[in-house]
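**Q** Sharing a model prediction with you, sequence too.
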Amino acid sequence: MAKELVIAGVEIRPGERKDINIPVAKLYTDAEVSIPVQVVRSKKEGPVVFVSAAVHGDELNGIEIISRLIGEHLKLQKGTLIYVPMVNVYGVLNQSRYMPDRRDLNRCFPGSKKGSLAGRLAHTFLKSIVSHCDYGIDLHTGAIHRSNLPQIRANLEDEETKRLAEAFAVPVLLNANIRDGSLREAAVNNGTRVLLYEAGEALRFDELSIQTGVKGVIRVLKALGMIRKRVSKAKTEPFIANRSDWTRADASGFVKEYVQLGAMVEKGDILADINGPLGNNISHVTSNRAGIIIGKQNIPLVQEGEAMYHIAYFGDSAEEVFEHIEIMQESIVPVEPSI
């Protein structure tokens with residue numbers, strides 16, 4: 001039998017599926033704010049996994065990914081699955097990346113029971129959810145006016161983490177450093193291995209990002225032996241980038257771009273022109289190395305020094321990565337209305 005599990009004072013018994021609201025704080029209006037959670041337990045002991053979204057409140061793709069996962073009604077063969085579609089409920093309410101105190105929640109972990117609002121929320125999430133878990137999948141998007149190609153960021157030097165990152169089956173894996181104050185840092189300190197899925201743009205739904213994310217989470221659960229659901233064989237192969245850099249604007253002006261997300265570029269390729277208001281060319285933005293564009297700014301206005309293109313470097317594998325990105329993009333199916 002599985003062990004006892006109590007979240008926010010609510011016991012979830014083996015074999016149960018239960019919705020819980022974890023109290024966080026109150027609004028000015030005296031209305032309670034809580035984190036909505038669904039817990040699914042098998043009767044058999046096994047891994048405990050959380051899937052979280054909207055740590056940044058304007059990153060909405062992850063909310064839809066979890067909604068679709070819940071709709072799959074996955075039957076667990078063993079272990080426990082904890083869905084947390086909105087960690088930063090305040091940010092979602094305000095369509096904002098940040099907390100009401102203007103703090104970035106993903107820089108406030110492990111938080112404090114008596115700290116700032118952001119610190120208290122971080123502490124609550126860590127103690128109520130992460131402390132129970134062996135693994136986590138944290139869903140993100142690019143920031144406002146920026147898009148990310150579907151990618152996994154994780155500590156790929158850890159063999160188990162690498163195995164699960166490869167099971168997610170996106171073409172781009174980044175061996176990413178842990179940032180101070182992040183959920184991933186706090187989780188690792190708790191002994192919880194975490195995959196960070198980055199895909200899409202803030203305040204937008206993107207089918208490529210959503211469908212890829214749903215399939216990826218299911219594949220990870222299958223790799224952990226938690227489900228027996230038939231999963232179509234991944235058509236894309238993951239490739240590891242140990243380095244990535246942002247190409248920045250060396251002038252201010254209006255952007256005319258020539259490359260899209262997922263494009264393969266060679267050293268010296270012109271990525272965009274920066275023009276003045278009268279159409280005169282001010283600068284060419286060029287690639288410093290050969291690689292794949294895994295993130296980009298979308299707004300056609302730029303200030304000198306702003307990050308424009310995030311390029312990952314794969315050495316001689318860049319062309320293969322590009323081919324697998326095309327396969328991933330072609331695998332998206334139209335969404336049918338529910339009846």
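**A** Right, received. Where do you want to start?
**Q** pLDDT weak spots in the stretch 151-300 of the chain?
**A** The model of the stretch 151-300 of the chain has no residue with pLDDT under 70.
**Q** in it, which spans are helices?
**A** Remark: helices assigned in the stretch 151-300 of the chain by DSSP state H, counting those that start in this stretch are 159-168, 183-189, 207-223.
**Q** Quick one: the ones you listed as JSON lines, columns for mean neighbour count too.
**A** Using the backbone N, CA and C atoms, a C-beta is placed for each residue, glycine as well. Putting the helices of the stretch 151-300 of the chain into JSON lines (neighbours: other Cβ atoms under 10 Å) gives the following:
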{"stretch": "helix 159-168", "mean neighbour count": "19"}
{"stretch": "helix 183-189", "mean neighbour count": "21"}
{"stretch": "helix 207-223", "mean neighbour count": "22"}
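**Q** List just the one of those helices that sits closest to A318.
**A** Between A318 and the helices of the stretch 151-300 of the chain, the tightest spacing by Cβ to Cβ is seen for helix 159-168, at 18.5 Å.
**Q** Can you give the contact residues for that closest one?
**A** When contacts are defined by Cβ atoms under 8 Å, 6 or more residues apart in numbering, helix 159-168 is touched by residues 135, 152, 154-156, 173, 193-195, 197, 216-217, 219-220, 222-224, 238.
**Q** coming back round to it: JSON lines for the helices of the stretch 151-300 of the chain, including distance to G119?
**A** Output for the helices of the stretch 151-300 of the chain, formatted as JSON lines (distance: least, Cβ to Cβ, whole Å):
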{"stretch": "helix 159-168", "distance to G119": "27"}
{"stretch": "helix 183-189", "distance to G119": "12"}
{"stretch": "helix 207-223", "distance to G119": "29"}
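**Q** out of those, nearest to N94?
**A** The nearest among the helices of the stretch 151-300 of the chain, by Cβ to Cβ, is helix 183-189 at 19.9 Å.
**Q** Outline the domain layout of this protein.
**A** Domain assignment for the chain by automatic domain parsing gives 6-239, 243-330.
**Q** Indicate which one of these is closest to E336.
**A** domain 6-239 (12.1 Å).
**Q** residues contacting S131?
**A** For S131, the contacting residues are N190, by Cβ under 8 Å, 6+ apart.
**Q** Ok, A318 next?
**A** Residues in contact with A318, defined by Cβ under 8 Å, 6+ apart, are M264, A290, G291, I292.
**Q** can you do 6 Å?
**A** Contact partners of A318, counting by Cβ atoms under 6 Å, 6 or more residues apart in numbering, are M264, A290.
**Q** again with S317
**A** By Cβ under 6 Å, 6+ apart, S317 lies in contact with F239.
**Q** Sheet-wise, list the partners of the helix or strand containing F50 with their directions.
**A** Assessed by DSSP states H and E, F50 sits inside strand 48-53. Sheet pairing for strand 48-53, assigned by DSSP bridges, gives strand 80-84 (parallel), strand 135-140 (parallel).
**Q** Distance to V37 and mean pLDDT added to those strands, as TSV?
**A** Formatted as TSV, these follow (distance: least, Cβ to Cβ, whole Å; pLDDT from 0 to 100):
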stretch	distance to V37	mean pLDDT
strand 80-84	5	98
strand 135-140	13	98
